[in-house]
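Visitor: coords please:
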Amino acid sequence: MVARAAASQFNSGHVDIRRVPYVNHAEEIREVVEEASHSPSVILFTIVLAELRETLLREASRHGITTVDIISPVISALTGISGQAPRLEPGLMRKVDREYFQRVEAIEFAVKYDDGKDPRGIMQADMVVMGVSRTGKTPLCMYLAHKQIKAANIPLVPEVKAPDELFQLAPHKLIGLTIQPGQLAGIRQERLRALGLPPNADYANNERILRELEYAKEIYQRLGCSIIDVTNKAVEETSGKVLEVFFKGERYRLEQ
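Guide: Numbers count the residues shown, from 1 in each chain. Next up, the predicted model:
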């Protein structure tokens, strides 16, 4: 953030910012400095281990690269007002703010396994959301990710066999979304217009929509999963119902 804020003062479009997290070894530092030496660079760092900081300063000096120590002045200031010695342990922020990183991990999971990109995510997910196209699967999964729940979503299409992995999960980990056909037709027509396509395409055809919804209903019944009607519902409302299913399932699992 400091690098981006500073770069914005110099037409940041011409500044390439590369973030290198989890630097724990001197060899990693040498590699980073070597790469930075190939073009005019400045290295901003937040290394707290003295030996690694010295390695960075030494290697950067050898290559004529300017360095900016962001964290040491702040640690020194806090040492002065607290009278306490700093722990100087790397990664403490990640340990303290575990909830934040769990949320980030869940968001990355939702992106990776969005729209059935990789069925392997089904077995790793906390929840799996299913539904026909434009029932709000992706926004729901992203909302759940902010609640630290890893959610994958699977599109249901009559011409495509549902993944076998779905039938290996407990019903409380599965959510089936449904919607009134008329509202879905309107949503799909708007989507087609946004893409510059005629709104009367088969994708928004009433018969097609009814066939898809019936197919999804058959899958839900075979799975024995919870079904949520998202007609006229905000994602927050749908998420609340999903969370009810999730936590009931978690309580059941713990009791067993």
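
Visitor: which element follows the helix or strand harbouring residue 27 toward the C-terminus?
Guide: Per DSSP states H and E, residue 27 falls inside helix 26-36. Later in the chain than helix 26-36, the nearest helix or strand by DSSP H and E is strand 42-45.

Visitor: is it true that residue 155 touches residue 115?
Guide: Yes. Look at residue 155 against residue 115 with C-beta atoms under 8 Å: they come within range, at 5.7 Å. C-beta here means a position set from N, CA and C on the backbone, and glycine is covered the same way.

Visitor: shared neighbours of these two, anything?
Guide: residue 137 (C-beta atoms under 8 Å, 6 or more residues apart in numbering).

Visitor: Does anything pack onto the helix holding residue 27? Which helices or strands?
Guide: Packed against helix 26-36 by the contact rule (3 or more C-beta pairs under 8 Å, 6 or more residues apart in numbering; DSSP states H and E) you find strand 42-45, helix 50-62.

Visitor: how about a cut-off of 7 Å?
Guide: With contacts taken as 3 or more C-beta pairs under 7 Å, 6 or more residues apart in numbering; DSSP states H and E, helix 26-36 sits against helix 50-62.

Visitor: how big is the angle separating the helix it packs on from helix 26-36?
Guide: 30 degrees (axes from the mean of the first three to the mean of the last three C-alpha atoms, to 10 degrees).

Visitor: Using PDB, list the CA coordinates for helix 50-62.
Guide: Only the C-alpha atoms of helix 50-62 are listed here, as PDB (Å, rounded to 0.1, in the frame of the first residue of the first chain):
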ATOM      1  CA  ALA A  50      18.300  -8.800  11.800                       C
ATOM      2  CA  GLU A  51      20.400 -11.300   9.900                       C
ATOM      3  CA  LEU A  52      18.000 -11.200   6.900                       C
ATOM      4  CA  ARG A  53      17.800  -7.400   7.000                       C
ATOM      5  CA  GLU A  54      21.500  -7.200   6.900                       C
ATOM      6  CA  THR A  55      21.700  -9.600   4.000                       C
ATOM      7  CA  LEU A  56      19.200  -7.500   2.100                       C
ATOM      8  CA  LEU A  57      21.100  -4.200   2.800                       C
ATOM      9  CA  ARG A  58      24.400  -5.800   1.900                       C
ATOM     10  CA  GLU A  59      23.200  -7.300  -1.400                       C
ATOM     11  CA  ALA A  60      21.300  -4.200  -2.400                       C
ATOM     12  CA  SER A  61      24.300  -2.000  -1.800                       C
ATOM     13  CA  ARG A  62      26.500  -4.400  -3.900                       C
END
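
Visitor: buried stuff in it?
Guide: For helix 50-62, burial by neighbour count (16 or more other C-beta atoms under 10 Å) applies to 52-53, 55-57, 59-60.

Visitor: Can you name the residues in contact with the next helix or strand after that helix?
Guide: Per DSSP H and E, the first helix or strand lying C-terminal to helix 50-62 is strand 66-69. The contact list for strand 66-69, computed with C-beta atoms under 7 Å, 6 or more residues apart in numbering, reads 42-45, 56-57, 60.

Visitor: same deal with stretch 107-119?
Guide: Residues outside stretch 107-119 that contact it (C-beta under 7 Å, 6+ apart): 121, 125, 138, 141-142, 145, 150-155, 163, 165.

Visitor: Which of those residues fall within strands?
Guide: 151-155 (DSSP state E).

Visitor: Now do residue 28 against residue 163, distance only.
Guide: According to C-beta to C-beta, to the nearest Å, residue 28 and residue 163 sit 39 Å apart.

Visitor: tell me the centre residue of this protein?
Guide: residue 107 (1.7 Å; C-alpha atoms, centre = their mean).

Visitor: Next one: that one from residue 16, what distance?
Guide: Separation of residue 107 from residue 16 (C-beta to C-beta) stands at 25 Å.

Visitor: now do residue 146
Guide: 30 Å.

Visitor: And these two? Which one has more around it.
Guide: Comparing residue 146 with residue 16 by neighbour count (other C-beta atoms under 10 Å), the higher total belongs to residue 146, at 12 against 9.
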